[in-house]
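Participant: 3D, please:
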Amino acid sequence: MPAVSKGDGMRGLAVFISDIRNCKSKEAEIKRINKELANIRSKFKGDKALDGYSKKKYVCKLLFIFLLGHDIDFGHMEAVNLLSSNKYTEKQIGYLFISVLVNSNSELIRLINNAIKNDLSSRNPTFMCLALHCIANVGSREMAEAFASEIPRILVAGDTMDSVKQSAALCLLRLYKTSPDLVLMGEWTSRVVHLLNDQHMGVVTAAISLITCLSQKNPDEFKTCVSLAVSRLSRIVSSASTDLQDYTYYFVPAPWLSCKLLRLLQCYPPPEDGAVKGRLVECLETILNKAQEPPKSKKVQHSNAKNAILFEAISLIIHYDSEPNLLVRACNQLGQFLQHRETNLRYLALESMCTLASSEFSHEAVKTHIETVINALKTERDVSVRQRAADLLYAMCDRSNAKQIVAEMLSYLETADYSIREEMVLKVAILAEKYAVDYSWYVDTILNLIRIAGDYVSEEVWYRVIQIVINRDDVQGYAAKTVFEALQAPACHENMVKVGGYILGEFGNLIAGDPRSSPLVQFNLLHSKFHLCSVPTRALLLSAYIKFINLFPETKATIQEVLRCDSQIRNSDVELQQRAVEYLKLSSIASTDVLATVLEEMPPFPERESSILAKLKKKKGPGAVSVPDLEDGKREGGELNGGGERGPDSAAMSASNASTPSPSADLLGMRSAAPMSAAPTSAGSLLVDVFSEAGPAAPSAAVNDDGFLRFVCKNNGVLFENQLLQIGIKSEYRQNLGRMYLFYGNKTSVQFASFTTTVSCPGELQSHILSILRLNVQTKPVEPVVEGGAQIQQVLNIECLTDFSEAPLLNIKFRYGGALQNLSLKLPVTINKFFQPTEMTSHDFFQRWKQLSQPQQEAQKIFKANHSMDTEVLKAKLLGLGTALLDDVDPNPENYVCAGVIQTKGQQVGCLLRLEPNGQAQMYRLTLRCSKDSVSLRLCELLAQQF
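Facilitator: Below you'll find the model as predicted:
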């Protein structure tokens, strides 16, 4: 870089800065700045032409004023004029002013681009670097259009100086991140890759950042970089600190370049070439060996550089997951860091070991450090390190150590930080269920969990323990006895009351033989908690009371007296009042046989993926678990009508059929699906990739319907996700009404401005046939600004007026980094969402089937199976459709028949469904008969894509 001569000191600028610093008040500073602005404006508008030095001085003053926080609305043209100067200092100030103050939409961009082109073609390396820096700093789409094809040529040209190549590589990287569609490497690909062999280490370091970004988007085009990267890494790792003197940092040769090379290799699978793979394994072994050597310096910079390379090497070993020896060595090396005095190293070691624990080769090696990890959980002062220790315990858990780990996590819960208690509770619940050999231990663990951290036990946890107790006869008596004892504590958490009310209502008879837990004792114990509970819990207890009347007729008079009191039948809450009145009437007029039928024991719940696991995945954030994993889990789990697992209260209510649906009854189980968390839990989560490597998505208004079909048989999940935005959906439907919650999550660190959403009804939805609108959608406005990492919610109220086939469209517009983003999605509102299940006998079904015999009332389709023909998955999807799945109706037991009524405001449409699978041919025949022909066709079209 040219030296600045003494005459370029700009004494006037120095005096102005001194005056500003000497101002005694804000008012004095503003007065001095206004005086200077007036002077500069007069100089620029004066008749006398200013020389380059004066322009430079005044532009510098404007820059300084802008940096103080004041707006600058003139001087841009003078800065552009400085670009044509042949003096380095004047050109430098011009480019600096443009980089800081010129907007990418400015009218001067064309003039600036012309000046940049002149400098790029000048072959003066200093001027070329200034021009490239300006392009990278502004980084606008206009500049990408103008220079995206020119910069690769400069980068690979043989006569380009090394400093210019470095600037060109980084400039191209910036343009690729902002406008990836404009940066097309094409013919330059192989020549850019071969920059890894460049003799200048600075060029290699800059080029590898570019190649890594390009490889992540187009791995096949750049796969030749693997062998070159291994070769370069081998030369660095095997070199002595004196071989690369200019790039040795505290006795560590080229640490930044080594880390970048190791990160590049993580974009690809292990090399197929045996020689390349052998050389890479040798490099990784050398890095692990060097970590064991005594340090060559006591400075922290030396250990930081050495450990940075080590951790990247371990990440690569974990990524390959194919070398048992290296995985075990990496685990042992990380184990040494677990007791290091440096907190950051302990954190990173715990985080890396979490990943190692999932490998079959290193799982046992990780387990050897269990005592150290438990000690870290108890003694670490930093909460983030304790959280990583809890994650590692969760990851290393198996049947051999489950009881020890669960006991330690329960012990830690009593003093755990509030910020991680909910996640700890979920992990304990999952481990207790997953590794429970003795289900009495599972029951004890969950009840202990509720006792220790009841406020953080979500509904998913106590729903799950009830489902397991109902599904396992061998644990029901023990669960009733244990929960009865737990309820006798003076202070009892409300979640314990919920579990106790449900289990005693179902299985209290199993412990009623003991005088200490006689029916009246059980009832009095539950009722003593009644006045302390919230409305939903009181509603559940009332359901338990009516169950008691069926189980223990001797309690009938006592319970009726409770139901008859004014505090129940005249309760201000309509849900409690209705339950009390209806249960009282039911117990008074129904015979013993009718009561036994209506209030019979709950049937076993269908086996499915634990909703606790799904909640933990959501809580870990969108970057920590891939969306397909979550979707597959839910698909296999088979949610009822998409609403997650049945809540016990809703199950009891559907069994007794004695109450009108209400939000507190949670008939659809909607509360079990928590809103998505937008905040990542750790700096090591995959969400970091969004900030570091991924460019923003190009604006697009095309309708995206990729996620639409996934929601035909379910109501909750992630509707859409890209690098900027995640949209989650949670919906519930009752008769002809629906409510949809949309969650918009900002995955970046930059706020979304001017955020607006509109819902439109295309095609038939907006047409009026006999003046009847088919679907009425009312939306509530959203916040106009979504902060980085934040999430906002929007509520949609939906009313089905008559049958329909097209879905509403959601249009989202917002500004990200100044660029307008436009997105259109199909909202998953389909006609089957308004199904009400209908139970029918075999006789009734086929009688109705024959009545719907007109050709236009039937729709049939024979199609190839798109998914596994698993029986449980098929049943779950048919239930998720919203119909009732009828057992023992079809003469062929392998066929499935369903019945339901679609509720619209204007009419009810009866629907019968028959699905005939052919396992050998992997084919289905789907037949639908509905009282309205358009509904038959639409349902057949939707369902054929689900199986």
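Participant: now the helix or strand residue 191 falls within, how far from the chain's geometric center?
Facilitator: Assigned by DSSP states H and E, residue 191 falls within helix 189-193. For helix 189-193, the separation from the chain centroid amounts to 35 Å (computed by CA atoms, centre = their mean, to the nearest Å).
Participant: who does that helix touch, helix- and strand-wise?
Facilitator: Judged by 3 or more CB pairs under 8 Å, 6 or more residues apart in numbering; DSSP states H and E, the packing partners of helix 189-193 are helix 151-156, helix 201-217. For glycine as for every other residue, the C-beta is placed from the backbone atoms N, C-alpha and C.
Participant: tell me the SS of residue 159?
Facilitator: Secondary structure, DSSP: H, G, I helix; E, B strand; the rest coil: residue 159 is coil.
Participant: Just read off the phi/psi values of it.
Facilitator: When quoted as degrees, to the nearest 10, the phi and psi of residue 159 stand at phi -90, psi 10.
Participant: Just give me the neighbour total for it.
Facilitator: By the criterion of other CB atoms under 10 Å, residue 159 has 6 neighbours.
Participant: start the count at 7, not 1, going forward
Facilitator: Sure, I'll start numbering at 7, so the last one becomes residue 165.
Participant: And it, how close does it get to residue 351?
Facilitator: With distances taken as CB to CB, to the nearest Å, residue 165 is found 46 Å from residue 351.
Participant: just to revisit the earlier point, can you list the residues that contact the helix holding residue 197?
Facilitator: 158, 161-162, 191, 213, 216-217, 220, 227-228, 230-231, 234 (CB atoms under 8 Å, 6 or more residues apart in numbering).
Participant: Residue ranges in this protein under the pLDDT threshold?
Facilitator: Per-residue confidence for the chain (pLDDT under 70) gives these ranges: 7-15, 110-111, 247-249, 613-713, 768-779, 824.
Participant: Show me the helices in the stretch 207-356 of the chain, by range?
Facilitator: Defined through DSSP state H, counting those that start in this stretch, the helices belonging to the stretch 207-356 of the chain, from first to last, are 207-223, 231-243, 261-271, 280-298, 306-326, 330-343, 349-362.
Participant: any idea how far the closest residue to residue 533 other than its chain neighbours lies from residue 540?
Facilitator: Among residues not flanking residue 533 along the chain, residue 568 sits closest, at 6.6 Å (CB to CB, 6 or more residues apart in numbering). Counting by CB to CB, the gap between residue 568 and residue 540 amounts to 18 Å.
Participant: same thing with residue 733?
Facilitator: Here the distance between residue 733 and residue 540 works out to 32 Å (CB to CB).
Participant: the more surrounded of those two?
Facilitator: Between residue 733 and residue 540, residue 733 has the larger neighbour count (other CB under 10 Å), namely 21 against 11.
Participant: Next, that one: secondary structure please.
Facilitator: Following three-state DSSP, we place residue 733 in the strand state.
Participant: who does it bridge with?
Facilitator: The residues listed as beta-bridge partners of residue 733 by DSSP bridges are residue 726, residue 750.
Participant: Next, the contact list for it, please.
Facilitator: Residues in contact with residue 733, defined by CB under 8 Å, 6+ apart, are 724-727, 748-751, 818, 831.
Participant: hmm, try it at 10 Å
Facilitator: 682, 713, 724-727, 748-751, 763, 800, 816, 818, 829, 831 (CB atoms under 10 Å, 6 or more residues apart in numbering).
Participant: Give me the buried entries from those.
Facilitator: In terms of neighbour count (16 or more other CB atoms under 10 Å), the buried residues within these are 682, 713, 724-727, 748-751, 763, 800, 816, 818, 829, 831.
Participant: List the buried residues for stretch 166-178?
Facilitator: 166-167, 169-178.
Participant: and stretch 830-842, how far apart are its ends?
Facilitator: Distance between the two ends of stretch 830-842: 30 Å, counting by CA to CA, to the nearest Å.
Participant: Same question for stretch 873-882.
Facilitator: The first and last residues of stretch 873-882 sit 13 Å apart, counting by CA to CA.
Participant: ok, now stretch 436-444?
Facilitator: Comparing the first residue of stretch 436-444 with its last one, the separation is 15 Å (CA to CA).
Participant: before we move on, what about stretch 105-124?
Facilitator: The first residue of stretch 105-124 is 17 Å away from its last residue (CA to CA).
Participant: Can you add distance to residue 602 and mean neighbour count and give the helices and strands packed on helix 195-199 back as JSON lines?
Facilitator: Converted to JSON lines, the helices and strands packed on helix 195-199 look like this (distance: least, CB to CB, whole Å; neighbours: other CB atoms under 10 Å):
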{"stretch": "helix 157-162", "distance to residue 602": "81", "mean neighbour count": "20"}
{"stretch": "helix 207-223", "distance to residue 602": "64", "mean neighbour count": "22"}
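Participant: want to throw those helices into TSV with distance to residue 574?
Facilitator: As requested, the helices and strands packed on helix 195-199 are arranged in TSV below (distance: least, CB to CB, whole Å):
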stretch	distance to residue 574
helix 157-162	78
helix 207-223	63
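Participant: Grab the nearest non-local neighbour of residue 589.
Facilitator: Sequence neighbours aside, residue 552 is the residue nearest to residue 589 in space, at 4.4 Å (criterion: CB to CB, 6+ apart).
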